[in-house]
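S.K.: Quick check, what structure comes out for this input:
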Amino acid sequence: MFETTKDQGQNTEEVITSPDGLPRPPRKTPRKTQPSERIERCRPSRGRFLGPAALLFVVAAACSLIWAHGALSKPTTHPEDRVVTIDPGIGTHAIIARLTQAGIVHRPRVLEAYLFVTRSNRRLQAGDYKFPSPISSLEAIERIRRGEVFYEKVTVPEGFNRFEIADLLAAKTQKASADRFLSLMNDTGAIADIDPRARNLEGYLFPDTYSYTSRTTPEELIRMMVKRFREAFTPDMASRAAQENLSTQQVVTLASIIEKEAKVDQDRPVIASVFFNRLARGMPLAADATFIYAAQLAHDYDNNPNQPRHRRRDSPYNTYLYPGLPPAPIASPGKPSLEAALYPASSDYLYYVLATADGRHKFSRTAAEHDQAVAQYHQLRDRMNAANASPAAPGPSPK
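M.R.: Numbers count the residues shown, from 1 in each chain. Predicted structure coming up:
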């Protein structure tokens, strides 16, 4: 049975009665949409479409951005030797100001606005930067964003002692005076485990090329060199030294003498064999480099290794007068000299002397052979001095 009722509103409901007389839930019929409502729905919402003013603004902004990109992409010339330092924590404005001062940026306000709008001012990295010329403003910023930091370099040659290294670092890096560097070299904490008796870092300032920036400290430079030594003196080298009953200090001391005496790599293992042969026989090493170092310690070296007073100097570093190894290294040996000290050639030589202009040595087994080689050396030295008018070449060694 169906009964239909109307309420006072617009909606109608059908009341359905089941056969048992119980009413079922009413079923609603959709309300008819009035014409005014249909018209309202068809009207566009405010702000859905840009008005002429907003559209003009967008076009102008896009044109400005395109113009700025073109202007900032134009390379400009500047002094190439100028280093721009970007300190940690400074903002984009300060970075642009430094680039402007260096002559790299010519439109600082345009650049700052462009970086802000494009969000390219993020992750600019601190450091020293050296830019090629010409270069555009945007390319300079991109280098800073990538962190292409410019590093100065200093090369410590093989065979330099700590006095020469201190002078080199002071002159090249301008980080501190030579005396300050020497003072830092007296701190042996970094090598206490491998040379507990060391009084300074002589021999442990590894010869190599080192990179540094304006923020690198003198202490960091010294630590770099010691760290590099520890990398070069490998665990295999340490094991070899232990097998030969040599301490690290003895290996480095012997290697430092080899470094100063040898001129070519082929001679290093042979010179090392001469030293081991002389040590085994209780003979003094008689190496010129040791009395030269003694003279330098006494502030008395005149760059003449043939000066008789240097050979007669009473110093434990003078291996003409004192048998065995000196008390400590006399210079910074390179890896070939360290390897020569650990792996000497097999020979019965007891003497050597400079034999050629390119630095090769003549090796001898007897004193008579050595005397002949020394006479030939004197002739070579006279010819070299006459040709070059240079200071005297190193004398015969050992003898």
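S.K.: From here on, just use CA atoms for contacts and neighbour counts.
M.R.: Noted.
S.K.: burial count for the closest residue to Thr92 other than its chain neighbours?
M.R.: Of all residues not flanking Thr92 in the chain, Asn121 sits nearest, at 6.4 Å (CA to CA, 6 or more residues apart in numbering). Neighbours of Asn121 under the rule other CA atoms under 10 Å: 19.
S.K.: Just to be sure, Asn121 is in a helix?
M.R.: No. Looking at Asn121 with DSSP: H, G, I helix; E, B strand; the rest coil, it is coil, so not inside a helix.
S.K.: So what does it have for phi and psi?
M.R.: phi -90, psi 10 (degrees, to the nearest 10).
S.K.: go on, the one 10 residues further on?
M.R.: Phe131 has phi and psi values of phi -110, psi 140 when expressed as degrees, to the nearest 10.
S.K.: Any chance you could give me the helix or strand hosting Ser183 in CSV, C-alpha atoms only?
M.R.: Element membership of Ser183, judged by DSSP states H and E, is helix 178-184. Extracted in CSV, the C-alpha atoms of helix 178-184 (Å, rounded to 0.1, in the frame of the first residue of the first chain):
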residue,chain,number,x,y,z
ALA,A,178,110.7,31.7,10.1
ASP,A,179,111.4,31.8,13.8
ARG,A,180,107.7,31.0,14.5
PHE,A,181,107.8,28.1,12.2
LEU,A,182,111.0,26.8,13.8
SER,A,183,109.3,27.1,17.2
LEU,A,184,106.4,25.0,16.0
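S.K.: Please name the strands paired to the helix or strand just after that helix in the sheet, noting orientation.
M.R.: Sequence order places strand 209-212 as the next helix or strand after helix 178-184, per DSSP H and E. Taking DSSP bridges as the criterion, strand 209-212 sits next to strand 152-155 (antiparallel) in its sheet.
S.K.: just how off-centre is the partner strand within its chain?
M.R.: Relative to the centre of its chain, strand 152-155 is centred 9 Å away, using CA atoms, centre = their mean, to the nearest Å.
S.K.: for stretch 209-223, same thing?
M.R.: Centroid separation between stretch 209-223 and its chain, computed with CA atoms, centre = their mean, is 8 Å.
S.K.: tell me the contacts of Leu254?
M.R.: Contacts for Leu254 (CA atoms under 8 Å, 6 or more residues apart in numbering) come out as 272, 325, 329, 341.
S.K.: List the buried residues for stretch 63-74?
M.R.: The neighbour-count check on stretch 63-74 (16 or more other CA atoms under 10 Å) flags 65, 68-69, 71-72 as buried.
S.K.: among those residues, which are in strands?
M.R.: Residues of the buried residues of stretch 63-74 located in strands (DSSP state E): none.
S.K.: just curious, which of those is nearest to Thr248?
M.R.: Nearest to Thr248 among those, counting by CA to CA, is Leu72 at 58.7 Å.
S.K.: how much space between that closest one and Ala113?
M.R.: The gap separating Leu72 from Ala113 is 11 Å, by CA to CA, to the nearest Å.
S.K.: One more: Arg240?
M.R.: 64 Å.
S.K.: so how far does stretch 343-359 reach from one end to the other?
M.R.: Taking CA to CA, the first and last residues of stretch 343-359 lie 21 Å apart.
S.K.: Next: stretch 229-249.
M.R.: Terminal residues of stretch 229-249 are spaced 13 Å apart (CA to CA).
S.K.: outside of that stretch, which residues touch it?
M.R.: Residues from elsewhere that reach stretch 229-249, judged by CA under 8 Å, 6+ apart: 194-195, 204-206, 251, 328-329, 335, 338-339, 342.
S.K.: switch to 6 Å and redo it
M.R.: The set of residues external to stretch 229-249 that reach it, using CA atoms under 6 Å, 6 or more residues apart in numbering, is 195, 204, 206.
S.K.: Mean confidence (pLDDT) on it, please.
M.R.: With pLDDT averaged residue by residue, stretch 229-249 scores 97.
S.K.: list the buried ones in that stretch?
M.R.: Using 16+ other CA under 10 Å as the test for burial, stretch 229-249 gives 229-230, 233, 237-238, 241, 248-249.
S.K.: centroid residue for the protein?
M.R.: Nearest to the mean C-alpha position of the chain, by CA atoms, centre = their mean, lies Ser211 at 3.7 Å.
S.K.: From Leu169, how far out is the nearest residue to that residue once chain neighbours are set aside?
M.R.: Closest residue to Ser211 apart from its sequence neighbours, by CA to CA, 6+ apart: Lys153 at 4.5 Å. Look at Lys153 and Leu169: by CA to CA, they are 10 Å apart.
S.K.: Show me which of the two is the more surrounded one.
M.R.: Neighbours were counted for Lys153 and for Leu169 using other CA under 10 Å; Leu169 has more, 21 against 13.
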